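J.: predicted model follows, preceded by the sequence.
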Amino acid sequence: MNQSHILKTFIIAIAVLSFTYGEAQRPQGAPPAPQASQATSAQARPAAKASSAGDVHVPIDTVVRTQHQITVKGQRFSYTANTGMQPVWNDDGKAIATLFYVYYTRDDVKDRSTRPLIISFNGGPGTGSVWMNIGYTGPRRLKISDEGYPVQPFGIEENPYSIIDVADIVFVCPVNTGFSRIVDKTVDKSRFFGVNADINYLSSWIGAFITRNNRWASPKFLIGESYGTTRVSGLANRLQNSEWVYLNGVILVSPTDLGISRSGPAGDALMLPYYAATAWYHKQLPADLQSKDLVDVLPEVESFTVNQYIPALAKGGSISAAERNSIAATVARYSGLKKESVTQNNLVIRPNFFWKDLLRDKGYTVGRLDSRYLGKDQMDAGMGPDYNAELNSWLNSFTPAINDYLRNDLGFKTDLKYYMFGPVQPWSNDFDRTGMQLSASMMSNPALHLMVQSGYYDGACDYFNAKYDMWQINKSGSLDNRMEWHGYRSGHMMYLRKEDLKTSNEDIRNFIKKATPAPGQEIKYPDLK
């Protein structure tokens, strides 16, 4: 997306200095605080270097600070990028892993007790924080076309829609993503690689980060994308119960199922509205539907899905021939597929088949994470695409940009590979209760708000399943005034499309304002009348 011209990063030339935090600012058993440095040039290498044996050195506890400027909403101001590594400690205070992070703070803020702190995670579960850092909320963003496609030369430019004007943001890379690494090779990897293990160690890390950076008094928010939504949903509960960190808000960008069961007819039917959105985008719907705007078509499909499609699938083989024929015709009408394809699949359309079949006659497949993207397979026959068209496009543009940005603009010099997708398998999804954990956190914390953001063309974490998550989290309906959902005309990373980048960041700004109590406001459920 073409933004304003790139600002040359201004880096203050100051000799490397060290500092330590007081004992009260460090977690029990933790080693001294990291060395901080002001990057002086592209040749400075304070973060990592090769050992005498030629091995790549993993910096365990370090930070590099650089100064920058940005214009957001017509206001020019400076900010600091703190780029570093903070350890994960075991119960004895020994570093067993270290996490890479980039922490942006606005410079002209005198009182950070009222300044919101946003803690940001991406997903995978094996991907780093690259995507939202240089794609969404951070002060610099990827150079891409207005619709989100790669352009050359690759690079970074100012993000005039960043939320840095209203909040400080830390982008965190979990173990074996980005530059984050395990440093104690004797530690069992299951300590990190599983839905609950991930939540447990990250909650301790966040508590230490809040202490080190003196943010206990600040309003606090978590934002996660994709698997990151599983992560932050569980973290909201773990932070509250183990670190005594009470949040103001959780933002779920393209949420997963959050461990909420939808097996059987519900799971088989809930993607139909997404199929309709994708078919509408590629002009594959009947003329009467195609002539309507997308947001006018989808409520009709949603109503059919809940009130007719799921009940019909629940009947299984007992469904009458007449009803089977009627349901097949309607599913075909809304999905853009042939009626024969629906009946041959017992009324259930699997995602892989849809991505392959929708434009099969035209020789194309559609993307999984963003179905606006087209792909070409070796042959048109088959039950699913050969590859994800959109993911290849994104890796093509994000990978060179993040490596250049971190090393040159932010001065974090290291020989470590930046893991776009790192080795985190096997990953345990046992006992995933994160959606219900988020629900419990909201019930017990009257200050906690939830916002969900979905792209209509996302087939990996589709928008209607996101709504289903919200219905189950809020079964009683008592959380209605603290929950909101927003849809965008793009895919999994809705922020890649310029129009949605602007709108979605503005939605976050409004959510932060809504979820941050006024000074002196009581945090409690309202009194009975």
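T.: Right, received. Where do you want to start?
J.: use CA for all of it now, contacts and neighbours both
T.: Will do.
J.: okay, buried residues for stretch 343-362 please.
T.: 343, 347-349, 351-360 (16 or more other C-alpha atoms under 10 Å).
J.: nearest to residue 289, of these?
T.: residue 358 (16.4 Å; C-alpha to C-alpha).
J.: let me see the contact set for residue 60.
T.: By C-alpha atoms under 8 Å, 6 or more residues apart in numbering, the contact set of residue 60 is 85-87, 95, 97-98, 183.
J.: could you list the low-pLDDT ranges of the stretch 51-200 of the chain?
T.: 51-54 (pLDDT under 70).
J.: which members of the buried residues of stretch 343-362 are positioned in helices?
T.: Those of those mapping onto helices are 343, 351-357, per DSSP state H.
J.: can you lay out those residues as JSON lines showing distance to residue 196?
T.: Converted to JSON lines, these look like this (distance: C-alpha to C-alpha, whole Å):
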{"residue": "343", "distance to residue 196": "41"}
{"residue": "351", "distance to residue 196": "28"}
{"residue": "352", "distance to residue 196": "29"}
{"residue": "353", "distance to residue 196": "32"}
{"residue": "354", "distance to residue 196": "33"}
{"residue": "355", "distance to residue 196": "32"}
{"residue": "356", "distance to residue 196": "35"}
{"residue": "357", "distance to residue 196": "37"}
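J.: quick one: terminal-to-terminal distance for stretch 339-359?
T.: End-to-end distance of stretch 339-359 (C-alpha to C-alpha, to the nearest Å): 15 Å.
J.: do a quick rundown of the helices in the stretch 201-350 of the chain.
T.: 227-238, 265-269, 272-281, 287-290, 294-304, 310-314, 321-335, 339-344 (DSSP state H, counting those that start in this stretch).
J.: the longest one to helix 272-281, inter-axis angle?
T.: Computed with axes from the mean of the first three to the mean of the last three C-alpha atoms, to 10 degrees, the direction of helix 321-335 lies at 50 degrees from that of helix 272-281.
J.: buried set for helix 321-335?
T.: 324, 327-335.
J.: just checking, what packs against that helix?
T.: helix 272-281, helix 310-314, helix 339-344 (3 or more C-alpha pairs under 8 Å, 6 or more residues apart in numbering; DSSP states H and E).
J.: winner for burial among those helices?
T.: Among those, helix 272-281 has the highest mean neighbour count (mean count of other C-alpha atoms under 10 Å), at a mean of 26.
J.: quick one, strands of the stretch 301-450 of the chain?
T.: Secondary structure of the stretch 301-450 of the chain (DSSP state E, counting those that start in this stretch): strands located at 365-366, 374-375, 449-455.
J.: point out the most buried one among these.
T.: strand 365-366 (a mean of 28).
J.: who does that strand pair up with?
T.: If you go by DSSP bridges, strand 365-366 pairs up with strand 374-375 (antiparallel).
J.: so what touches the strand it pairs with?
T.: By C-alpha under 8 Å, 6+ apart, the residues outside strand 374-375 that reach it are 364-367, 387-390.
J.: for residue 437, which of the helices of the stretch 201-350 of the chain is the nearest?
T.: helix 227-238 (5.7 Å).
J.: still on that earlier bit, ok, of the contacts of residue 60, which one's closest to residue 147?
T.: residue 85 (33.9 Å).
J.: look at that closest one and say how many residues are nearby.
T.: Other residues within reach of residue 85, judged by other C-alpha atoms under 10 Å, total 26.
J.: what strand or helix carries the residue lying closest to it once chain neighbours are set aside?
T.: Spatial nearest neighbour of residue 85, chain neighbours left out: residue 100 (4.5 Å); criterion: C-alpha to C-alpha, 6 or more residues apart in numbering. Residue 100 belongs to strand 95-106 when assigned by DSSP states H and E.
J.: after that strand, which helix or strand is next?
T.: Scanning onward from strand 95-106 (DSSP H and E), the first element met is strand 117-121.
J.: name the surrounding residues that touch the helix or strand following that next one.
T.: Next helix or strand after strand 117-121 toward the C-terminus (DSSP H and E): helix 130-135. Identification of contacts with helix 130-135 by C-alpha under 8 Å, 6+ apart yields 120, 122, 138, 140-142, 156, 171, 178, 398, 402, 420, 495-496.
J.: which one of those residues is nearest residue 517?
T.: Nearest to residue 517, judged by C-alpha to C-alpha, of these is residue 120 at 21.2 Å.
J.: just checking, that closest one touches residue 167?
T.: No - using C-alpha atoms under 8 Å, residue 120 makes no contact with residue 167, being 12.0 Å away.
J.: of those two, which one has the most company?
T.: Taking other C-alpha under 10 Å, residue 120 and residue 167 do not tie; residue 120 has more neighbours (25 against 21).
J.: now do the contacts for that one.
T.: Neighbour list for residue 120: 129, 132, 169-172, 222-224 [criterion: C-alpha under 8 Å, 6+ apart].
J.: closest one to residue 76 among the strands of the stretch 301-450 of the chain?
T.: Closest approach to residue 76 among the strands of the stretch 301-450 of the chain (C-alpha to C-alpha): strand 449-455, 28.3 Å.
J.: tell me how far whatever helix or strand comes next after the closest one lies from the chain's centre.
T.: Remark: after strand 449-455, the chain's next helix or strand is helix 463-473, criterion DSSP H and E. The chain centre lies 17 Å from the centre of helix 463-473; the measure is C-alpha atoms, centre = their mean, to the nearest Å.
J.: then stretch 515-524?
T.: 27 Å.
J.: sorry, back to before: would you turn the helices of the stretch 201-350 of the chain into a markdown table with distance to residue 66 and mean pLDDT?
T.: Listed next are the helices of the stretch 201-350 of the chain as a markdown table, based on distance: least, C-alpha to C-alpha, whole Å; pLDDT from 0 to 100:
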| stretch | distance to residue 66 | mean pLDDT |
| --- | --- | --- |
| helix 227-238 | 27 | 98 |
| helix 265-269 | 48 | 97 |
| helix 272-281 | 43 | 98 |
| helix 287-290 | 51 | 98 |
| helix 294-304 | 44 | 98 |
| helix 310-314 | 55 | 98 |
| helix 321-335 | 50 | 98 |
| helix 339-344 | 57 | 97 |
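J.: for residue 371, which of those is the nearest?
T.: Of all the helices of the stretch 201-350 of the chain, helix 272-281 sits nearest to residue 371, with 6.2 Å by C-alpha to C-alpha.
J.: what packs against that closest one?
T.: So helix 272-281, by 3+ C-alpha pairs under 8 Å, 6+ apart, packs with helix 294-304, helix 321-335, helix 463-473.
J.: thinking again about what came up before, any chance of the contacts of helix 130-135 in a markdown table, plus distance to residue 73?
T.: Below are these laid out as a markdown table (distance: C-alpha to C-alpha, whole Å):
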| residue | distance to residue 73 |
| --- | --- |
| 120 | 22 |
| 122 | 26 |
| 138 | 14 |
| 140 | 15 |
| 141 | 16 |
| 142 | 19 |
| 156 | 19 |
| 171 | 22 |
| 178 | 31 |
| 398 | 25 |
| 402 | 25 |
| 420 | 31 |
| 495 | 17 |
| 496 | 19 |
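J.: what is the nearest of those residues to residue 450?
T.: residue 120 (14.7 Å).
J.: run through the bridge partners of that closest one.
T.: The partner residues for residue 120, given DSSP bridges, come to residue 171, residue 223.
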